[in-house]
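Asker: Pasted the sequence and its predicted model underneath.
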Amino acid sequence: MKVHLIPSKELAPDVFTRVIDLLQTVTGVNTFHAGAHGPINLSELELEENEMRDRDQFDQKMNMHFCPAIPPSSASRRSYQFPFRRKSVRWTDLFREVEEYRQRFAIPPGEFVILLTPVANRKNWFALLDQHKPYNGFIHTDDWEFFIPCDPAFPIAFEVMALILQKHIFRDYSEIERLSHERAIGCISDLCMKKSDIILKMRTADICPDCMQRIEDKLSMPEIHHALSIMESLRVKMLFAQNFKQNSPPSRLEIRPNGKIVLIDYGQIEIKMPTLEKAVYLLFLKHPEGLYITELSEHRAELKSFYAHLSMRGGMREIQDRIDNITKQIREVEDATNILRDKLSVIISRIKKSFNDAIGQSLAAHYIIQGEQTERRNIRLDRSLVDWKFQTSSH
């Protein structure tokens, strides 16, 4: 299966990038492509504004259907002032935009085109395929914090997989209503009428025997197995991100030839961070004895080598300037150490957040740069768990 994912202009680019990365983590016969022709502009669509007078009306209106359908009041972390107004668009308008995109860029009829948008739809469904042109669909990317406490990229990516599999399980809306599971059993076809149901659905990431039987003669086994592998990968990553795996032992940490930082035993979770933060992290990882902030300038060449091999932007002069900006010490100025310390502290804080967001605070403690301001800063991880495949000219 080939799946084209198209963002609307309203979708935050970093969310879209994370969704694509999650779906592409597991290699296989199904392929996922970020829309190469730019986002879809929904600004000219006719929007209907709904007013919700109080919390009860809000909860009733925000009750999501099928993917998933859960009263949000018990999980919401947002605070709203009432009356609350919300704009939404018709399903038919969203499907028309997707079909126009398909026609404009000559995407073959047997390939999926799925729009990802935070713009709400009139019936408040999270995800849906066009029953008339079932390779077209949309996923509503907003409001996931009502239902599941994690990075929204995880459930959005999960819904991508659910949609393309459900296309081959159900023929139309009537079959969805008749054959989907009202009582949750941990299958992608669960209706998810309760908050606990969606958690079960995403923690099991499975297809029940009945649904598997309906799909087996429509998709090849490599396509099915790859789809299940992607959902399993998402399941494991979500469990770590939601702090459900905090008693796990430390994972092996692999630094790949392209500079990716991957936790091998935690479902191949990649720790993403900007190039500069990654260069600083690799520097500390190479020095298990730790480094004083004030001696960082002594490792300027090593840091520059890491940055140069990680960076895809700028020439050597620009790289040198960026490294110098971090490592320079103006010893004649009384507060020079504080200047350097403050800059590095911000970078270390961002590195910490990258690990915390991916695997939770408890497990992240094995991997983050720690230490008081006047002490050596170091990473506590046993270096026998580190597999260096990343090479620079100086290493």
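Answerer: Arrived safely, thanks for sending. Residues are numbered from 1 along each chain as shown.
Asker: mind checking how far Leu163 is from Leu385?
Answerer: From Leu163 over to Leu385 the distance is 38 Å, taken as C-beta to C-beta, to the nearest Å. To be clear about C-beta, it is placed using only N, CA and C from the backbone, and glycine gets the same treatment.
Asker: could you pull out the strands for the chain?
Answerer: For the chain, the strands defined by DSSP state E occupy 2-7, 31-34, 48-52, 84-89, 112-117, 120-121, 127-129, 136-140, 253-255, 261-263, 269-271, 369-370, 378-379, 386-388.
Asker: can you tell which of the ones you listed is closest to His226?
Answerer: Of all the strands of the chain, it is strand 31-34 that lies closest to His226, at 9.7 Å by C-beta to C-beta.
Asker: Can you list the neighbours in contact with stretch 218-238?
Answerer: 1, 22-23, 25-26, 28-30, 148, 150, 154-155, 157-158, 161, 164-165, 168, 188, 202-207, 212, 215-216, 266-269, 358 (C-beta atoms under 8 Å, 6 or more residues apart in numbering).
Asker: So which of those residues are in helices?
Answerer: Counting by DSSP state H, the contacts of stretch 218-238 place 22-23, 154-155, 157-158, 161, 164-165, 168, 202-204, 212, 215-216, 358 in helices.
Asker: How many neighbouring residues does Glu289 have?
Answerer: Other residues lying near Glu289 total 6 when counted by other C-beta atoms under 10 Å.
Asker: Next up, phi/psi of it, please.
Answerer: phi -70, psi -10 (degrees, to the nearest 10).
Asker: and the nearest residue to His287 once chain neighbours are set aside, what is it in contact with?
Answerer: Setting aside the residues directly before and after it, His287 is nearest to Asn378 in space (C-beta to C-beta, 6 or more residues apart in numbering), at 7.4 Å. With C-beta under 8 Å, 6+ apart as the criterion, the residues that contact Asn378 are Phe284, His287, Pro288, Glu289, Gly290, Leu291, Ile369, Gln370, Gly371.
Asker: picking that back up, let me have the strands of the chain in TSV, extended by distance to Glu295.
Answerer: What follows is the strands of the chain, written out as TSV (distance: least, C-beta to C-beta, whole Å):
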stretch	distance to Glu295
strand 2-7	45
strand 31-34	42
strand 48-52	58
strand 84-89	54
strand 112-117	46
strand 120-121	53
strand 127-129	53
strand 136-140	49
strand 253-255	23
strand 261-263	24
strand 269-271	26
strand 369-370	15
strand 378-379	13
strand 386-388	22
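Asker: tell me, which of the ones you listed is the model least confident about?
Answerer: Of all the strands of the chain, mean pLDDT reaches its minimum on strand 48-52 (a mean of 72).
Asker: Would you list the phi and psi of Arg122?
Answerer: phi -60, psi -40.
Asker: and it, how many neighbours?
Answerer: Around Arg122 sit 15 other residues, with neighbours defined as other C-beta under 10 Å.
Asker: Leaving out sequence neighbours, find the closest residue to it.
Answerer: Arg122's closest residue in space is Ser88 (C-beta to C-beta, 6+ apart), at 5.0 Å.
Asker: Does that neighbour touch Asn50 like I think?
Answerer: Yes - between Ser88 and Asn50 there is a contact under C-beta atoms under 8 Å: 6.6 Å.
Asker: For Asn41, the count of nearby residues, please.
Answerer: The number of residues near Asn41, taken as other C-beta under 10 Å, comes to 11.
Asker: Tell me how far it lies from Val119.
Answerer: For Asn41, the distance to Val119 equals 11 Å [C-beta to C-beta].
Asker: List buried members of the ones in helices among the contacts of stretch 218-238 by neighbour count.
Answerer: Neighbour counting over the ones in helices among the contacts of stretch 218-238 (16 or more other C-beta atoms under 10 Å) leaves 22-23, 154-155, 157-158, 161, 164-165, 168, 202, 204, 215, 358 as the buried ones.
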